[in-house]
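Student: Fold the following.
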Amino acid sequence: MRNLGLMRSLLAACRTSRKGCLTLALVATIAACSPVFRNHGYVPSEDELALIEVGTDTRDTVGEKIGRPSTSGLLNDVGWFYVQSRYKLVGPREPQEIDRQVLVINFTEAGVVENIGRFGLEDGRVVEISRRVTETNVKGLSFIQQILGSFGRLQAGDLLGE
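Tutor: Numbering: from 1, shown residues only. Sure, this is the predicted structure:
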């Protein structure tokens, strides 16, 4: 309801003064193009990481001290990955990732902390995680050629279910 009252007062200002309306439109345009920053994910701070002792803490104690991550090792669960990204959005443009931190905690097979590593956006590279492309076995034939080519292989018994 606050926005409705604000809109009414803005419309009233536009009716009384053309210059005020243009100024208001200019300010709204500039405000719409100001950058908006968004944070995604979570990475523990250095103070929180100081609580973890390499060679002593286990998965359970790390989970109690700094929390479990949303991502862990996919194949053998020997690592926990904490990922945090910061994006800059300006108007209708595509969001731009301006900062990324990845904290990796590796565990031994027994579940004891083996190593703690921190990586930034400059350490990263684009990795294709999954490629979902179906390769066709038919090369060089158009759709109509494929349909017309199947007519000779049909038998009357196949169509009648015999």
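Student: For Leu121, the count of nearby residues, please.
Tutor: Close neighbours of Leu121, defined as other CB atoms under 10 Å, add up to 13. Where C-beta positions appear, they are placed from N, C-alpha and C, glycine not excepted.
Student: quick one: it and Gln96 touch, right?
Tutor: No - counting by CB atoms under 8 Å, Leu121 sits too far from Gln96 to count as a contact (11.1 Å).
Student: correct me, but Val78 touches Ala110?
Tutor: No - look at Val78 against Ala110 with CB under 8 Å: they stay out of range, at 10.7 Å.
Student: okay, those two: which has more neighbours?
Tutor: Val78 (14 against 8).
Student: can you give me the strands for the protein?
Tutor: Applying DSSP state E to the chain gives strands spanning 36-41, 71-72, 79-89, 96-107, 113-120.
Student: Between these, which has the poorest mean confidence score?
Tutor: The stretch with the lowest mean pLDDT among those is strand 71-72, at a mean of 64.
Student: low-scoring pLDDT stretches of the chain, where are they?
Tutor: 1-7, 9-10, 13, 31-32, 71-77, 124-162 (pLDDT under 70).
Student: can you map out the helices along it?
Tutor: With DSSP state H as the criterion, the chain has helices at 2-16, 18-32, 46-49, 59-66, 143-150, 156-160.
Student: picking that back up, and the strands of the chain as JSON lines, adding mean neighbour count and distance to Leu26?
Tutor: Below are those laid out as JSON lines (neighbours: other CB atoms under 10 Å; distance: least, CB to CB, whole Å):
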{"stretch": "strand 36-41", "mean neighbour count": "11", "distance to Leu26": "20"}
{"stretch": "strand 71-72", "mean neighbour count": "14", "distance to Leu26": "45"}
{"stretch": "strand 79-89", "mean neighbour count": "17", "distance to Leu26": "21"}
{"stretch": "strand 96-107", "mean neighbour count": "17", "distance to Leu26": "26"}
{"stretch": "strand 113-120", "mean neighbour count": "14", "distance to Leu26": "39"}
